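A.B. asks: Take this sequence and fold it.
(one chain, ligands or ions: 1)
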Amino acid sequence: MNTLICDSYEDMSRVAADMVGEQLAGKPGSVLGFATGSTPLGLYGELARRYRDGKIDFSKARSFNLDEYYPMKKDHPQSYSHFMEENLFSKINLASTDLPDGEAADPEAECAAYDRKIEAAGGIDLQVLGIGLNGHIGFNEPSKSYSMPTYLTKLTKSTIAANSRFFAEGEAQPTTALTMGFAAIFAARSIMLLINGSNKSAIAKKLFEGKIHTDVPACLLLLHPDVTVILDRDALG
Ligand code: PGA
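C.D. replies: Purely as a prediction, here's the structure:
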């Protein structure tokens, strides 16, 4: 695991954007894996700015997102589909974008189809990840066992509480989601894990112990040969 410590969130986002830029410069038809949440917003803003300034081109690249609430309408303001459209996809020129379909009638069939689509695209070249307060990756929540394929999962109370900030009071909040399992994540040729903020310092510390804490899904990333953790000083604690 490579570790890059940045002075600020802005620096971290620029370093992450540099990595995406290098990936595309080396392979314009790259398959990018994207994540939602507050963490990658700085990266997405930076990528949008660089595209607007003519410094980066996504026209041959495609993307797959880690997860989507289920059930969830694509145009719902809290859907990850809407989040990505709003914060990235509408601002750059990706050849194609994919997320698990939160409207699918048959979630299991959708999960299998999603994995097939990623495989058919040649797998992910560079996967962007954030980390949950509980160490989750995508919606792979702490558990005794972890799914390899994409699957329908139940969110933990702590994740529901952490994400409640995005939902209006009284608004129904999903408790289940479709998430890539560890197969597609692990098949990614390289992974960047972004961690910022003092509220993530406890979970970052667990990761840096270099042990596979099985109740911290992010620790499984220690087994991947090409992971770069990019974090700001606040996350160091
Ligand atoms: P956050 O979420 O970026 O909003 O902190 C990360 C995650 O839950 O994976």
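A.B. asks: which SS class is residue 28?
C.D. replies: Secondary structure, DSSP: H, G, I helix; E, B strand; the rest coil: residue 28 is coil.
A.B. asks: which residue sits closest to it in space, ignoring its chain neighbours?
C.D. replies: In this structure, residue 28 finds its nearest non-sequential neighbour in residue 60, 4.2 Å apart by CB to CB, 6 or more residues apart in numbering. Quick note: C-beta positions are derived from backbone N, CA and C, even for glycine.
A.B. asks: Contact partners for residue 166?
C.D. replies: Neighbouring residues of residue 166 by CB atoms under 8 Å, 6 or more residues apart in numbering: residue 78.
A.B. asks: State the distance from it to the ligand.
C.D. replies: Separation of residue 166 from the ligand (CB to the nearest ligand atom, to the nearest Å) stands at 9 Å.
A.B. asks: What does the pLDDT read for that residue?
C.D. replies: Confidence at residue 166, expressed as pLDDT, is 90.
A.B. asks: what do you get for residue 60?
C.D. replies: The model reports residue 60 with a pLDDT of 98.
A.B. asks: my read: the residue nearest to residue 28 touches residue 32, true?
C.D. replies: No - checked against CB atoms under 8 Å, the pair residue 60 and residue 32 is beyond contact range at 11.3 Å.
A.B. asks: The two - which one has more neighbours?
C.D. replies: residue 32 (22 against 13; other CB atoms under 10 Å).
A.B. asks: Could I get the contacting residues of that one?
C.D. replies: Residues near residue 32 by CB under 8 Å, 6+ apart: 20, 23, 61, 62, 63, 64, 94, 124, 125, 126, 127, 128.
A.B. asks: The fourth one: neighbour count?
C.D. replies: Neighbour count of residue 62, defined by other CB under 10 Å: 18.
A.B. asks: Look up how far the ligand lies from the residue nearest to it when sequence neighbours are not counted.
C.D. replies: Nearest residue to residue 62, sequence neighbours excluded (CB to CB, 6+ apart): residue 96, at 4.3 Å. For residue 96, the distance to the ligand equals 24 Å [CB to the nearest ligand atom].
A.B. asks: per-residue confidence at residue 96?
C.D. replies: Note on residue 96: pLDDT of 98.
A.B. asks: Residue 224 too?
C.D. replies: Residue 224 is assigned 98 on the pLDDT scale.
A.B. asks: What is the neighbour count of it?
C.D. replies: Counted with other CB under 10 Å, the neighbours of residue 224 add up to 18.
A.B. asks: these two touch, right, it and residue 186?
C.D. replies: Yes - contact criterion CB under 8 Å: residue 224 and residue 186 qualify, at 6.0 Å.
A.B. asks: My guess is residue 87 contacts residue 41. True?
C.D. replies: Yes - using CB under 8 Å, residue 87 is in contact with residue 41, at 6.2 Å.
A.B. asks: just the helices in this protein please.
C.D. replies: Using DSSP state H, the helices of the chain run over residues 9-26, 41-52, 80-87, 107-120, 157-163, 182-187, 201-208, 233-236.
A.B. asks: Which other helices and strands does the shortest one contact?
C.D. replies: In terms of contacts (3 or more CB pairs under 8 Å, 6 or more residues apart in numbering; DSSP states H and E), helix 233-236 is packed against strand 2-6, helix 201-208.
A.B. asks: how about CSV for these, with distance to residue 79 added?
C.D. replies: Below are these laid out as CSV (distance: least, CB to CB, whole Å):
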stretch, distance to residue 79
strand 2-6, 30
helix 201-208, 26
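A.B. asks: Now the residue positioned nearest the centre of the chain: phi and psi?
C.D. replies: Centroid check for the chain by CA atoms, centre = their mean gives residue 35 as the closest residue, at 2.2 Å. The phi and psi values for residue 35, taken as degrees, to the nearest 10, are phi -120, psi 160.
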